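Asks: sequence below, structure please.
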Amino acid sequence: MSRTHTRTRTRTRAKILGTSLLAGATLLALSGCGKADMTKQASPFAAAKGTKSVTLSVQTWVGAQSDVAVAKYLLENELDYHVDTVQVDEIPAWDALSQGRVDAILEDWGHPDQEKRYVQDKKTITDGGPNGVTGHIGWFVPKYWADKHPEVTDWKNLNKVADQLRTSESGNKGQLMDGSPSYVTNDKALVKNLDLNYEVVFAGSEAAQITQIQQFAKEKKPFLTYWYEPQWLFNQVPMVEVKLPKYTDSCAEKGAKDPKSVDCAYPTTPLKKFFNTDFAKSGSEASQFLKSFKWTKENQNEVSEMIASQGLSADEAAKRWVEKHPDVWKPWLPKK
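Replies: Coordinates of the predicted model:
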């Protein structure tokens, strides 16, 4: 999930990896350099003469981690590459990509300002095309609550149930749960502009948000949360989207000029890949492979659930998925 807004696209993703401990372990395992600042650090393989190496940016939500895990496994095991993965926040990742500190971002939810600066103007970054997954951000409530109170699926009725959604963090207002404060969202603007009696409360991370959602579901408590698709958690906690005012281009244009003015729903966003331009033009097997990398929401969720819910390492989850789906990934390999 920036899970950022494109025109108003946002990627407020605080995605979770099962339990908090599991989430931390998974992130460290997947991104060898942790929260490295890739604007100041190059791949450890970059200077090794004669080695085939590629550096991939790993975003903090598990869907993006699944993209990277599968790409990394295939690059290493089918194409004999050394692969370095580095976790970096969304905007710094664009800077690192432009500078050649990383070669590719495999899941971007829309950063129009960065695209204009680096793709259109500087041309240091190249659009790598869709990764095959369509993303959507919205507000969701648990299905068990919506089934009993269908009115809660319309934003116009949210103030009527605000008292049912109060928490110690939200005070005398209802709680709208978000993930990480580092993600770009429209939620504070929406609450203000739609005159809703709610407080946006950040769980802190995707993992923390998932843990909280799971706890609410275990206790069958009502909740309202910013969430996104694709996401494996829907398999375990069915949720229903709250209808917000319809997304329009005029709303998006207004929001692009002033994010605080947004008063409509989030858009549906085809998720895209971006490459460092020199890497894209290199014609290397890695660049050819990553250009061809394209899968489905179901594919991604299968890997994500293995990592986040079943406790598998990213490498093991990727290995199992690769063994099960050769018909999907073999067309990605460069033609010999």
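Asks: Thr85 and Ala71 touch, don't they?
Replies: No. Taking CB atoms under 8 Å as the definition, Thr85 is not a contact partner of Ala71, at 9.4 Å. Bear in mind the C-beta positions are built from the backbone N, C-alpha and C, glycine included.
Asks: between the two, which is the more surrounded one?
Replies: Using other CB atoms under 10 Å, the more surrounded residue of Thr85 and Ala71 is Ala71, with 26 against 22.
Asks: does that one count as helix, strand or coil?
Replies: Reducing the assignment to helix, strand or coil with DSSP: H, G, I helix; E, B strand; the rest coil, the entry for Ala71 is helix.
Asks: any idea of the pLDDT on it?
Replies: We note a pLDDT of 98 for Ala71 in this prediction.
Asks: which residues does the closest residue in space to it that isn't next to it in sequence contact?
Replies: Nearest-residue entry for Ala71: Phe293, 5.8 Å, with adjacent residues in sequence omitted and distances by CB to CB, 6 or more residues apart in numbering. In this structure, Phe293 makes contact with Asp67, Ala71, Leu106, Asn131, Lys273, Trp332, judged by CB atoms under 8 Å, 6 or more residues apart in numbering.
Asks: one step back: find residues that contact each of Thr85 and Ala71.
Replies: Where contact means CB under 8 Å, 6+ apart, the residues bridging Thr85 and Ala71 through contact with each are Leu56.
Asks: tell me the pLDDT at Val141?
Replies: Among the per-residue scores, Val141 shows a pLDDT of 98.
Asks: the chain should start at 32 in everything you say after this.
Replies: Got it, the first residue is 32 from now on, which makes the last one we talked about Val172.
Asks: state the distance from it to Ala345.
Replies: Computed with CB to CB, to the nearest Å, the distance linking Val172 and Ala345 is 31 Å.
Asks: more neighbours: these two, which one.
Replies: Ala345 (25 against 22).
Asks: you'd agree Cys282 is in a helix?
Replies: Yes. Under three-state DSSP, Cys282 sits within a helix.
Asks: that one touches Asp294, doesn't it?
Replies: Yes. With contact defined as CB under 8 Å, Cys282 counts as touching Asp294 (6.6 Å).
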